[in-house]
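> Fold the following and give me the result.
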Amino acid sequence: MASKGGPIALGTDGTDFAHRQRVAAQYQISALNKSRLKYCIFFHYLLFFAMLAKLSADILDRLDIFILEIEELQVPEPLWWEYIWCISLLLSFLGLAAVRKNRIKTMQRYLLGIVIFGFGPLLYAAAYYFGDVWTYLNEGETDDVMIWQGYPYGLLWYAFVLLAVQVHLFSIYFAWNLIKAWRARGTKKSE
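Okay, here's the model as predicted:
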């Protein structure tokens, strides 16, 4: 290799290193999608903490802990889908483990779990609150629409569902790209 202003090896002009400096495409794709998946998992954590704040009143009631400020908010009783969606946070540890060790099978389990525990409850919530949202959008505030703190409750859930669906869709996209990149590499790290 040639140094700047230094001696040049015999038989070369110093530019022969260019072919050795390329990184294979699957490694570039893997590094980029690993980073992006970690961001998606971070946003999943943020959504989880928002859900945990909503569920805190019910959790504290079940533990027989009384906090006046939380009780005054009169948070509506949670539905089962809210707790099931929280399970999807545990899957993030699976995704992070797969990213750390490039494990195809673990990433596939992460994908399956996000579809079941991430999208399943969100689809149920969208269907459950559809009537309230439709009524609110067409007729405005009526007795049929549940209102919490001055806002239509179903519309608040639709905002959450929209954000969560985006995070899950991007997570699935990046995880799928990682699986393709790891398979293209031809390694035996499928366990």
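
> Flag the shaky bits of this protein, pLDDT-wise.
For the chain, the stretches with pLDDT under 70 are 1-25, 70, 148, 186-191.

> 80 instead?
1-27, 59, 61-75, 140-151, 185-191 (pLDDT under 80).

> what's the single longest helix in it?
The longest helix of the chain (DSSP state H) is helix 25-62.

> Next, the buried residues of it.
Of the residues in helix 25-62, those buried by neighbour count under the rule 16 or more other Cβ atoms under 10 Å are 26, 29-30, 33-34, 36-37, 40-41, 43-44, 47-48, 51, 54-55, 57. No exception for glycine: its C-beta is placed from N, CA and C like everyone else's.

> which residues touch the next helix or strand after that helix?
Downstream of helix 25-62, the next assigned helix or strand under DSSP states H and E is helix 68-72. For helix 68-72, the external contacting residues (Cβ atoms under 8 Å, 6 or more residues apart in numbering) are 56, 57, 60.

> After helix 68-72, heading C-terminal, what element do we hit next?
Under the assignment DSSP H and E, the closest C-terminal helix or strand after helix 68-72 is helix 80-101.

> for that next one, the distance to its chain's centre please.
Offset of helix 80-101 from its chain centre (Cα atoms, centre = their mean, to the nearest Å): 9 Å.

> Next, the angle from that helix to helix 25-62.
Interaxial angle of helix 80-101 relative to helix 25-62 (axes from the mean of the first three to the mean of the last three Cα atoms, to 10 degrees): 150 degrees.
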